[in-house]
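Participant: Here is a sequence with its predicted model. Questions after.
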Amino acid sequence: MLLDTSGEDSEPTSGWDEYVNQHPRATGYHLSGWLHLIYRIFGHRGYYLTVKDDDGRIRGVLPLVCFSTPIFGRFLISMPFVNYGGVLASDAAARTALLDRAVNLAKQLSADHIELRHEESFAVGWPERCHKVSMRMELPESFETLWKEFPAKLRSQIRRAEKEGMTFRLGKNDVLDDFYSVFSRNMRDLGTPVYGKSFFREILRVFPESAFIGVVYSKNLPVAAGFLYGFRHVLEIPWASSDRRYNRLAPNMLLYSSVLKHACEREFSVFDFGRSTRDSGTYRFKEQWGAKPVDLRWHYWLSRNGPLPDMSPTNSKFKWAISVWRRMPLALSRRLGPNIVRYIP
């Protein structure tokens, strides 16, 4: 096998996206546009690792992003800021070649570790963490069928938002400001630095047929919102928030029911509620809709012996920082957040 590697200043190997689109385990985050997008918005260098056979046909791909941070050091990850990534290969030999090349690249860059976000467990000898699940739901052909499957309490909560006069709107850049006003406030309230609005604007630009925004309004005021990304038969909501000042009116229930209706109408067969920690509050919220957990398996290569890296907000090391961030003025959190979150994959 031959192995090609290119960096952020060049295009991926010809046929990269074609290979991704035909691979049964591919996600939308394997598409080449994501590495370009991450470089433009965050400045992190991307690498396109490709395995080809002797006839020049692609046998596997691995997108990698290099982080160099003041707190976490230097590392490679596939893919940052999202739930999925990792190796796509046609066979075990191609997968091994990609992993070997990734390790060599990490050593060349003096990286401390590699993190690959897979959905399956590979017998590659790398340490594995299974601390998160993806909450997914099979969709029927019609929303009416899905509605009848909802528990009575859930339907009542959805109707509550409708009785309060709340409305749902699906759009793109025309509702980006409204999405961001809700999302950034919620992130501040959670104690988490927020992405810049340019990140979401760039996703809409790069993936115009796949990315949408849904917003719930109360008297023209945005109170709940979600960012949607579709790939093949799966519609995912990787970022969603509601304004907790309106929680008693259940705007988030109207948001998810409206998004699920949209998914059925667009003939998606699976809805991905995003990742959660098992038995957490968000896990139980998604479970009530009928979503089932699917284990996410993240694999690590470490340059030296030691514990697996933990850069999640649940790390006790960040408890003080989260507490401070929650008390920060909203305008200041929006201004400072993008400069911090770019280092948190």
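Facilitator: In hand now; what should we look at?
Participant: Ramachandran angles for residue 222?
Facilitator: phi -70, psi 130 (degrees, to the nearest 10).
Participant: Kindly provide the distance from it to residue 283.
Facilitator: 26 Å (CB to CB, to the nearest Å). In this view, the C-beta of every residue, glycine as well, is placed from N, C-alpha and C.
Participant: burial measure for residue 147, as a count.
Facilitator: 16 (other CB atoms under 10 Å).
Participant: and the closest residue to it other than its chain neighbours, what pLDDT?
Facilitator: The shortest distance from residue 147 to any non-neighbouring residue, by CB to CB, 6 or more residues apart in numbering, is to residue 155 (7.0 Å). In this model, residue 155 is scored at 95, pLDDT.
Participant: Could you confirm residue 155 falls within a strand?
Facilitator: No: Residue 155 sits outside any strand when classified using DSSP: H, G, I helix; E, B strand; the rest coil, being helix.
Participant: what stretches of the protein score poorly on pLDDT?
Facilitator: Within the chain, the segments meeting pLDDT under 70 span 1-11, 123, 311-319.
Participant: Spatially central residue for it, please.
Facilitator: The C-alpha lying nearest the average C-alpha coordinate of the chain belongs to residue 82 (CA atoms, centre = their mean; 2.6 Å).
Participant: Do you have the strands of the chain handy? List them.
Facilitator: Listed in chain order, the strands of the chain (DSSP state E) span 2-6, 45-52, 58-69, 73-78, 88-89, 113-118, 128-138, 167-171, 211-218, 221-231, 234-242, 270-276, 292-302.
Participant: The fifth one - contacts with which helices or strands?
Facilitator: Same thing as strand 88-89. Counting contacts by 3 or more CB pairs under 8 Å, 6 or more residues apart in numbering; DSSP states H and E, strand 88-89 packs against strand 58-69.
Participant: What are the buried residues along the strand it packs on?
Facilitator: 58, 59, 60, 61, 62, 63, 64, 65, 66, 67 (16 or more other CB atoms under 10 Å).
Participant: Kindly report the same for stretch 272-286.
Facilitator: 272, 273, 274, 275, 276, 283, 285, 286.
Participant: ok, the fifth one to residue 17 distance?
Facilitator: Using CB to CB, residue 276 is found at 30 Å from residue 17.
Participant: What of the last one?
Facilitator: Computed as CB to CB, the residue 286 to residue 17 distance reads 30 Å.
Participant: coming back round to it: now distance to residue 197 too, for the strands of the chain, in TSV please.
Facilitator: What follows is the strands of the chain, written out as TSV (distance: least, CB to CB, whole Å):
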stretch	distance to residue 197
strand 2-6	30
strand 45-52	22
strand 58-69	21
strand 73-78	23
strand 88-89	31
strand 113-118	25
strand 128-138	26
strand 167-171	15
strand 211-218	12
strand 221-231	11
strand 234-242	12
strand 270-276	20
strand 292-302	28
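Participant: For residue 326, which of these is the nearest?
Facilitator: Closest to residue 326 of those is strand 234-242 (CB to CB; 14.6 Å).
Participant: okay, the angle between the closest one and strand 270-276?
Facilitator: 50 degrees (axes from the mean of the first three to the mean of the last three CA atoms, to 10 degrees).
Participant: So in the protein, which helix runs the longest?
Facilitator: Taking DSSP state H as the criterion, the chain has its longest helix at helix 92-108.
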